[in-house]
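Visitor: Got a predicted structure here, sequence first:
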Amino acid sequence: MSKTSPVRIVAFVLLTGMCVSEATAQSVMALGPVVASQLRASRDCRLACGLPASASGASFSFDRWVTPRVGIGAELTVGAVLRGRQQIRVLGGHHESETTHQDMIFAGTAQWLVRSVDTSINGVLVGGLGIAARQTNRTGPFRAVDGTIDAWTGSVTALTPSLVGGFDLPLRVYRYVYFVPSVRLHYLFDSDGSRQYPQRGVDNVLINVGGKVAIQF
């Protein structure tokens with residue numbers, strides 16, 4: 001009776017695992033609109049009036065299910081431009097400005113299926129780490145306490161780490177096509193509260209609610 005070497009056994013197990021993984025792995029691409037809301041929309045104008053609390057945007061994601069219940073992927077969320085008037089009090093006077101602000105968040109995510117894959121409705125928990133690009137632009141007059149007025153422009157640009165968590169509810173529409181209501185909570189490590197004067201007038205905690213069309217392949 002011939003003996004099978006340990007190397008052959010290991011190779012057989014690895015090849016079998018790769019075949020099973022390829023057989024069960026599925027990819028999902030999704031795109032759709034979202035409404036982004038600030039969790040604590042500031043309306044305190046003693047230092048800086050907050051910008052609008054909500055704005056539309058879009059979300060794109062690509063996921064790969066490496067097992068029937070576990071997936072990894074990436075998602076990009078681009079918020080619409082927030083526009084508003086701000087008055088910012090500083091030493092020696094105050095700024096009056098027309099302000100625009102936009103967030104773009106890219107995150108690597110992991111998914112966990114919380115219901116059986118045999119059912120038509122599956123809940124999916126989502127969590128991950130990312131990076132957010134924040135851009136704030138202001139233009140307007142600076143009114144000094146002595147009555148002089150000067151033109152003033154300013155911008156704040158930052159790349160900041162972020163955390164994301166949420167929930168998806170894929171609803172099958174036709175074979176490999178799904179409509180996916182989704183909720184995301186983004187925590188950005190970029191808080192105006194840590195500074196003497198607010199830099200943006202927007203919150204660093206965002207809630208995105210939307211619906212995406214997803215294609216499985």
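Guide: All right, it came through fine.
Visitor: Now name the helix or strand holding Asp203.
Guide: In the assignment (DSSP states H and E), Asp203 maps to no helix and no strand.
Visitor: how close does it get to Phe189?
Guide: When distance is defined by CB to CB, to the nearest Å, Asp203 is 13 Å away from Phe189. The way it works is simple: take the backbone N, C-alpha and C, and place the C-beta from them, glycine included.
Visitor: of the two, who's got more company?
Guide: Comparing Asp203 with Phe189 by other CB atoms under 10 Å, the one with more neighbours is Asp203, at 21 against 13.
Visitor: Next secondary structure element downstream of the helix or strand bottoming out on mean pLDDT in the chain?
Guide: Ranked by mean pLDDT, DSSP states H and E, the weakest helix or strand in the chain is helix 6-24, scoring a mean of 41. Next helix or strand after helix 6-24 toward the C-terminus (DSSP H and E): strand 26-38.
Visitor: which residues are in contact with that following strand?
Guide: 50, 53-65, 71, 73, 77, 79-80, 103, 178, 180, 182, 184, 202-203, 205-217 (CB atoms under 8 Å, 6 or more residues apart in numbering).
Visitor: List buried residues within those.
Guide: Using 16 or more other CB atoms under 10 Å as the burial test, those include 50, 53, 55, 57, 59, 61, 63, 65, 71, 73, 77, 79-80, 103, 178, 180, 182, 184, 202-203, 206-208, 210, 212, 214, 216 as buried.
Visitor: among the residues you listed, which are in strands?
Guide: 55, 57, 59, 61, 63, 65, 71, 73, 77, 79, 103, 178, 180, 182, 184, 206-208, 210, 212, 214, 216 (DSSP state E).
Visitor: what's the neighbour count on Val66?
Guide: Other residues lying near Val66 total 15 when counted by other CB under 10 Å.
Visitor: Name every strand pairing with the helix or strand containing Leu159 and say which way it goes.
Guide: Per DSSP H and E: Leu159 is located in strand 149-168. Paired with strand 149-168 in the same sheet, following DSSP bridges, are strand 124-144 (antiparallel), strand 177-188 (antiparallel).
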